[in-house]
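Engineer: could you look at this predicted model? Sequence included:
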Amino acid sequence: MGLFSKKAKAPEIDMAASDANKRKMREVFRQTVPEGDSYKIVHAGSSDSTLSSGFFVDTRTTTFHNYIVGYRESDYQLAVVEIDKELTQWAEPVYLAINEVKDVSYEKKYHHIWFIYKESGRGYGLKLGVSDRPANAPYMLPNLKQEGEGGDLEQFLDFLEKYSARLSEMGFKVEKWKR
C-alpha cells in the first residue's frame, strides 16, 4: 500500500442529530414555502470569496451560505431558502422555475451542482454544494446525512437528470449529464 493509496474516511455523523436537523429543515421549509409539503428537500451550501486590495496588505474574505433546496418533480419547480448554521434564522424563499434556466451540471468530485440562468438580471447562475456534513463542519450545518426520509442526495440527482432532459426537450443545448 503506497503513500497516496489510502482511502478517505467517511465523515463521522451523529445519526440522531442528523435526523433532528432533517426534521427542523422540513419545519422551516414548511413555514416559509407555500405548499412546502409537496417538495422534497436537501441541504446545500456554497461560499463566496472576495479579494480587497489594500495599500500594504490584500485581504480575502470568504462568506459561507447554507440552503434548504426544495424540488418538485410535477412542475420542475425549485425553491431555495437560505438558513443559518443553527437553523434559527432564515430568509424568504427564492423560486427558480425551469423556464428561467438554460443548463444544469454536476461536478461529482466536488459535489457541486450548477444551475445556469438564461440571460437575465439575476446573475450567471446558482452553485450548490450538496454532500453529507460531518459533526465538526465549522461553517456549514453539522451532522447531516443526505439519505433516507427528509433529504436524499440520490433522489435529488435523479431529479436533476430528468430536469436536464426536460431542458433538452425545451430546445436548450445542454451538456451531457454526468453522474
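Structural biologist: Arrived safely.
Engineer: where along the protein do the strands fall?
Structural biologist: 40-52, 59-72, 77-83, 94-96, 101-107, 112-117, 125-129 (DSSP state E).
Engineer: mind listing what the residue nearest the centre of the chain touches?
Structural biologist: Geometric centre of the chain, nearest residue: Ala44, 2.8 Å, by C-alpha atoms, centre = their mean. For Ala44, the contact set (C-beta atoms under 8 Å, 6 or more residues apart in numbering) comprises Asn66, Tyr67, Ile68, Val69, Val80, Ile113, Leu128, Gly129, Val130. Using the backbone N, CA and C atoms, a C-beta is placed for each residue, glycine as well.
Engineer: swap in Leu167?
Structural biologist: Ile98, Val101, Lys102, Asp103, Val104, Val174.
Engineer: can you mark which positions in the helix or strand of the chain with the lowest mean pLDDT are buried?
Structural biologist: In the chain, the helix or strand scored least confidently by mean pLDDT, DSSP states H and E is strand 125-129, which has a mean of 81. By 16 or more other C-beta atoms under 10 Å, the buried positions in strand 125-129 come out as Leu126, Lys127, Leu128, Gly129.
Engineer: packing partners of it?
Structural biologist: strand 40-52, strand 112-117 (3 or more C-beta pairs under 8 Å, 6 or more residues apart in numbering; DSSP states H and E).
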